[in-house]
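**Q** mind folding the following:
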Amino acid sequence: MILVTAATGQLGTATVNYLLEKIPASQIAVLARDADKAKDFADKGISVRIGNYHDYESLVPAFKGVEKLLLISSNDFEDRAGQHINAIKAAKEAGVKHIAYTSVEATDPRNSATGVVGTSHADTDDFLKASGLTYTLLKDNLYADVIPMFVGDQVLTTGVFFPAGDGKVPFATREDMALAAAVVLTTEGHENKEYVIANDESWSFADVAQYISEVSGVEVTYTSPDAEVYKKVLEDAGVPDIYVWMLGAFAKAIKDHEFETGKSDLEQLIGKKPTTLKEYLATVYGK
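**A** Purely as a prediction, here's the structure:
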């Protein structure tokens, strides 16, 4: 039995869909906080287990009978590493043999401009490695799918306004990342390994602006403002504080070249060339 946590989220759902192409639904389980949101999985014959990362007592029974578990990192920043560690401890108590964890690929996660995001991944990696469980670290670089959030929904009018300087990122699509996770969960030879889930080419936000221009037919410029100017623009627009912080933090990390590690195992895992940045942007902004 393979269980996917955070299964009603976008990465979780995509991973389950790929698993269904590889193994019977009867061999798949999902963890969800709300049974109603997981109804589509149940309708396909997938076992739905109810629990959440904060509630250890809910996790142990949810993980019973599971051999491999995909631990998708929490999007709740309240004691994020603690949530992951809860899940790892519960998995061990329940008899899970192998955990694949969606970590992060960056030059120095503990000293990242993203703060708790990078640190929580590093703390989880260390705890999982020391747990005695078989592990696989899926060290995800940035999703191409975050670009629309970074550039805003008025990008065709305003241009790309994002303080990332000339920093580059090997953006990979969520779909390719999900496929890589499904491969790791359904094939052998991944025990106690770390894979960098990133594209084999890196792109700047100047490239983002150029490609959006090409696929949309609208000329889109790139402006990299001062960080404080950017923050004020977001605040004046009424963007919630958590998003002001998050957007600014990731922009600084990109500007500081944190994601340019020059490593990628994605093509090796999925058996094909990853989707390019331009191909992805055409699905969002194409005419």
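**Q** can you pull out the helices in the stretch 1-150 of the chain?
**A** Assigned by DSSP state H, counting those that start in this stretch, the stretch 1-150 of the chain shows helices spanning 10-22, 39-43, 56-62, 80-94, 116-130, 147-151.
**Q** again but with the stretch 151-287 of the chain, I slipped
**A** Assigned helices in the stretch 151-287 of the chain, in chain order: 155-158, 174-186, 205-216, 227-236, 241-255, 266-270, 277-285 (criterion: DSSP H, counting those that start in this stretch).
**Q** mind checking which of those helices is nearest residue 106?
**A** Nearest of those to residue 106, taken as CB to CB: helix 241-255 at 7.1 Å. The C-beta positions use only the backbone N, C-alpha and C, and glycine is treated the same way.
**Q** which elements pack onto the closest one?
**A** helix 147-151, helix 227-236 (3 or more CB pairs under 8 Å, 6 or more residues apart in numbering; DSSP states H and E).
**Q** kindly recompute the last result at 10 Å.
**A** Judged by 3 or more CB pairs under 10 Å, 6 or more residues apart in numbering; DSSP states H and E, helix 241-255 is in contact with helix 116-130, helix 147-151, strand 168-169, helix 205-216, helix 227-236.
**Q** averaged over its residues, what pLDDT does it have?
**A** The average of the pLDDT scores along helix 241-255 is 96.
**Q** can you mark which positions in stretch 4-19 are buried?
**A** 4-9, 11-16, 18-19 (16 or more other CB atoms under 10 Å).
**Q** need the helices of the stretch 1-150 of the chain in TSV (columns: distance to residue 203 and mean pLDDT).
**A** Putting the helices of the stretch 1-150 of the chain into TSV (distance: least, CB to CB, whole Å; pLDDT from 0 to 100) gives the following:
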stretch	distance to residue 203	mean pLDDT
helix 10-22	21	97
helix 39-43	34	95
helix 56-62	38	96
helix 80-94	28	96
helix 116-130	21	96
helix 147-151	10	97
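**Q** re earlier: could you identify which of the helices and strands packed on helix 241-255 is most buried?
**A** Burial of these is given as mean neighbour count (mean count of other CB atoms under 10 Å); strand 168-169 ranks first at a mean of 23.
**Q** show me how far that one is from its chain's centre.
**A** Put simply, strand 168-169 sits 16 Å off its chain's centre (CA atoms, centre = their mean, to the nearest Å).
**Q** neighbours of residue 241, how many?
**A** 9 (other CB atoms under 10 Å).
**Q** how near is it to residue 247?
**A** Computed as CB to CB, to the nearest Å, the residue 241 to residue 247 distance reads 11 Å.
**Q** got CSV for the helices and strands packed on helix 241-255, with distance to residue 278 too?
**A** CSV is the format used below for the helices and strands packed on helix 241-255 (distance: least, CB to CB, whole Å):
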stretch, distance to residue 278
helix 116-130, 27
helix 147-151, 12
strand 168-169, 14
helix 205-216, 5
helix 227-236, 25
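**Q** about what we covered before: touching both of residue 241 and residue 247, which residues are there?
**A** Residues touching both residue 241 and residue 247 by CB atoms under 10 Å, 6 or more residues apart in numbering: residue 234.
**Q** turn the helices of the stretch 1-150 of the chain into TSV, columns for distance to residue 251.
**A** Compiled in TSV, those are given as follows (distance: least, CB to CB, whole Å):
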stretch	distance to residue 251
helix 10-22	22
helix 39-43	35
helix 56-62	35
helix 80-94	20
helix 116-130	13
helix 147-151	8
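**Q** surely residue 284 and residue 216 touch.
**A** Yes: Residue 284 lies in contact with residue 216 (CB atoms under 10 Å); the separation is 9.2 Å.
**Q** which neighbours do the two share?
**A** Any residue near both residue 284 and residue 216 by CB under 10 Å, 6+ apart counts here, and that gives residue 155.
**Q** how about residue 50, what does it touch?
**A** 30-35, 38, 58, 61-62.
**Q** measure the closest residue to residue 34 other than its chain neighbours to residue 25 for me?
**A** Leaving out its chain neighbours, the residue that sits closest to residue 34 by CB to CB, 6 or more residues apart in numbering is residue 8, at 7.4 Å. Distance from residue 8 to residue 25, counting by CB to CB: 16 Å.
**Q** over to residue 131?
**A** According to CB to CB, residue 131 and residue 25 sit 29 Å apart.
**Q** ok, residue 73 - how many residues close by?
**A** That count, for residue 73 with other CB under 10 Å as the rule, works out to 23.
**Q** scratch that, residue 255
**A** 18.
**Q** can you put the helices of the stretch 151-287 of the chain in TSV and add distance to residue 116?
**A** Shown next, in TSV, are the helices of the stretch 151-287 of the chain (distance: least, CB to CB, whole Å):
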stretch	distance to residue 116
helix 155-158	28
helix 174-186	22
helix 205-216	24
helix 227-236	18
helix 241-255	9
helix 266-270	26
helix 277-285	27
